[in-house]
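Q: Pasted the sequence and its predicted model underneath.
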Amino acid sequence: MNIVILGSNGMIGTDMMTVLSKSNHIITGLTVDDLDITTKTDINNLASIVSIKNNASTTPINIIINCAAYTQVDLCETNKEAAFAINGTGVGFLAKYCAKNDIILIHFSTDYVFDGEKKDPYIETDQTNPINIYGESKLMGDKLIESSECNYYIFRIQWVFGEHGNHFIKTIQSLAKTNSEISVVDDQWGCPSWSYDICECVVKTINQKIPFGTYHLTHPDGTTWFELAKQIVKTLTLNLKIHPTDSQSFKRPASRPLNGRLNAGKLEKYEISIKPWTASLNDFLIKHPGRPHSRY
């Protein structure tokens with residue numbers, strides 16, 4: 001198949017390029033320098049952009065994997081226009097293009113479409129109710145995909161870490177260089193996910209051709225930011241003491257859902273699942289033990 005990856009130089013996009021490079025598919029990666037998802041003209045010229053990128057004519061595109069997103073949650077509060085353009089309107093342009101050209105769209109959403117008030121892990125059909133701009137913009141993109149009549153997979157993911165992005169692990173590593181102790185919230189629940197594991201699951205979805213729709217792509221066992229921080233410190237033997245605090249004491253521009261855990265049972269029926277977060281974290285830290293990660 002001919003697969004195009006948008007946002008191919010981001011955290012998930014880079015790993016997607018790596019994982020798919022092991023397959024027999026034709027892969028083309030596009031960055032924002034190649035295509036601006038917020039520009040309808042760029043989207044409508046996508047096939048031509050891919051041909052120019054490859055310096056040759058290409059076979060019809062079968063799948064587009066959208067890894068392009070505005071993921072800086074706090075900055076979304078003050079940069080609303082950009083957040084809704086990238087995470088919302090631009091995704092709508094892309095979905096309509098896929099519907100018109102019979103292309104499968106794979107898109108990544110977030111647990112932030114929920115308000116975090118539920119006690120149990122969220123299932124795909126639970127009522128959405130975002131409590132910050134990032135969640136609102138991502139939900140807008142999801143709804144535009146659903147109404148576009150394209151064939152799609154929406155994967156809700158959370159607490160992502162990887163080699164090529166800014167994330168919580170990098171923050172803890174950096175803080176350990178200048179601090180002897182820090183406070184981390186212990187009342188926000190979610191599931192840390194390695195971007196590489198996410199990409200491997202997406203490729204399995206492509207190969208197995210499971211039914212289209214929205215899926216939660218996490219491991220069901222959750223944790224708190226506090227416990228995650230302690231595990232990072234323990235695994236890397238960092239000289240950093242972690243103290244628990246709560247969300248009310250640690251104010252940030254964007255509110256976070258207290259319970260972001262996602263039930264992935266719908267996807268697991270097809271024997272597609274992510275490893276437990278402790279195993280993924282350990283695998284990642286062994287592979288990348290102390291190098292600051294470059295560029296969610």
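A: Now that the structure is in, tell me what you want to look at. Just so we're clear, the structure is a prediction, and the values are computed from it rather than from any experiment.
Q: So which bits of stretch 128-137 are buried?
A: Thr128, Pro130, Ile131, Asn132, Ile133, Tyr134, Gly135, Glu136, Ser137 (16 or more other CB atoms under 10 Å). From N, CA and C alone the C-beta is placed, and that goes for glycine too.
Q: mind checking pLDDT for the residue nearest to the fourth one when sequence neighbours are not counted?
A: Nearest non-adjacent residue to Asn132, counting by CB to CB, 6 or more residues apart in numbering: Ala254, 4.0 Å away. Predicted confidence (pLDDT) at Ala254: the value is 96.
Q: Tell me how far Ala254 lies from Thr205.
A: 30 Å (CB to CB, to the nearest Å).
Q: now the buried residues of stretch 128-137 in TSV, with distance to Thr89?
A: What follows is the buried residues of stretch 128-137, written out as TSV (distance: CB to CB, whole Å):
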residue	distance to Thr89
Thr128	18
Pro130	16
Ile131	21
Asn132	18
Ile133	14
Tyr134	15
Gly135	16
Glu136	13
Ser137	9
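Q: which one of the residues you listed is nearest Ile210?
A: Minimum distance to Ile210 across the buried residues of stretch 128-137 is 22.4 Å, recorded for Thr128 (CB to CB).
Q: tell me the pLDDT at the residue lying closest to that closest one once chain neighbours are set aside?
A: Distances taken as CB to CB, 6+ apart put Val113 closest to Thr128, at 4.5 Å, once the chain neighbours are dropped. Note on Val113: pLDDT of 98.
Q: Now Val113, what are its backbone angles?
A: Dihedral angles of Val113 (phi, psi; degrees, to the nearest 10) stand at phi -70, psi -10.
Q: same deal with Tyr122?
A: Per-residue torsions, Tyr122: phi -80, psi 140 (degrees, to the nearest 10).
Q: Also Phe168?
A: phi -60, psi -40.
Q: and it, how many neighbours?
A: A total of 17 residues lie near Phe168 under the criterion other CB atoms under 10 Å.
Q: what about it, distance to Gly213?
A: Distance of Phe168 to Gly213, computed by CB to CB: 29 Å.
Q: do Ser109 as well
A: Distance, Ser109 to Gly213, using CB to CB: 12 Å.
Q: any shared contact partners between the two?
A: Residues touching both Ser109 and Gly213 (CB atoms under 8 Å, 6 or more residues apart in numbering): Ile154.
Q: The two - which one has more neighbours?
A: Legend: neighbour count by other CB under 10 Å for Ser109 and Gly213, higher for Ser109 (25 against 13).
Q: what's across from that one in the sheet?
A: For Ser109, the beta-bridge partners under DSSP bridges are Arg156.
Q: how many neighbours does Val160 have?
A: As a measure of burial, Val160 has 22 neighbours, counting by other CB under 10 Å.
Q: Go ahead and confirm it touches Met11.
A: Yes: if you go by CB atoms under 8 Å, Val160 and Met11 touch, sitting 6.5 Å apart.
Q: hmm, which helix or strand of the chain has the shakiest average pLDDT?
A: Lowest by mean pLDDT, DSSP states H and E among the helices and strands of the chain is helix 277-287, with a mean of 89.
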